[in-house]
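sequence first, predicted model second:
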Amino acid sequence: MSLSHMENMPLSHSGPQGAQRPSWKQWLLYSTTIILLLLCSFSTLIYTLLPLKTANEPCVAKFGPLPSKWQMASPEPSCVNKTADWRLKILQNGLYLIYGQVAPNTAYKGRAPFEVLLRRNGDTIQALTNSTTVQNIGGAYEFHAGDAIDLIFNEEHQVLKNNTYLGIFLLANPQFIS
């Protein structure tokens, strides 16, 4: 075989004449579609097997801004008990939404570094250390009866109490199927 014949040979023999291989864009589209279908199926399965029972009665508590006192949705909420300023005790198991805002006092010139901690039973679940801007705090957490939730400041004068608050809302009670 001479070299002149090799110049005319096709580089690949992957399929019949005229057939095209799918491009990488098509593979990406196909794989993304399959992954999304699997995620939807898995989510539906989890949602079916682990239904959440919504709370029977509203249970909402909020502390601050000024006047700094606990404001409850009902006189005696069944899910939380106020124990002190910026501190609550959880009375029933459930999925809770904690929401809040911390406004740092930019005029504060003390020695203590700025630090605000959201804690559960003394363990930090969220920390804020930026003293230059108003920040949101909170998230969705599963709490159990007896848990103590509090928001503490490294130094009381580091935050502006008239623009800082903490709230909690019972979203649902998980009901497991046995």
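Arrived safely. Numbering: from 1, shown residues only.

helix or strand with the lowest mean pLDDT in the chain?
Scoring the helices and strands of the chain by mean pLDDT, DSSP states H and E places strand 52-54 at the bottom, with a mean of 52.

adjacent strands (with direction) for whichever helix or strand comes after it?
For strand 52-54, the following helix or strand on the C-terminal side (DSSP states H and E) is strand 60-63. Looking at strand 60-63 with DSSP bridges, its partner strands are strand 70-72 (antiparallel), strand 165-174 (antiparallel).

average pLDDT across the helix or strand just after the shortest one?
Which is strand 70-72. Counting by DSSP H and E, the next helix or strand C-terminal to strand 70-72 is strand 80-84. The predicted model assigns strand 80-84 a mean pLDDT of 83.

shaky segments in this structure?
Within the chain, the ranges that satisfy pLDDT under 70 run 1-22, 42-58, 66-68, 72-77, 174-178.

which residues does Thr124 bridge with?
On the basis of DSSP bridges, Thr124 is bridged to Arg119.

in what helix or strand does the residue most central in space within the chain lie?
The centre of the chain sits closest to Gly139, judged by CA atoms, centre = their mean, with a distance of 4.5 Å. Gly139 belongs to strand 135-143 when assigned by DSSP H and E.

between that strand and strand 165-174, how big is the angle?
30 degrees (axes from the mean of the first three to the mean of the last three CA atoms, to 10 degrees).

so that it lines up with my notes, have the first residue be 439 from now on.
Will do, 439 is the new start, and the previous item becomes strand 573-581.

residues near Ile563, how many?
By other CB atoms under 10 Å, the residues close to Ile563 number 15. Quick note: C-beta positions are derived from backbone N, CA and C, even for glycine.

cool, and Lys507?
10.

who's in contact with the residue lying closest to it once chain neighbours are set aside?
For Lys507, ignoring the flanking residues on the chain, the nearest one in space by CB to CB, 6 or more residues apart in numbering is Phe501 at 7.1 Å. Contacts for Phe501 (CB atoms under 8 Å, 6 or more residues apart in numbering) come out as 507-509, 520, 523-524, 603-605.
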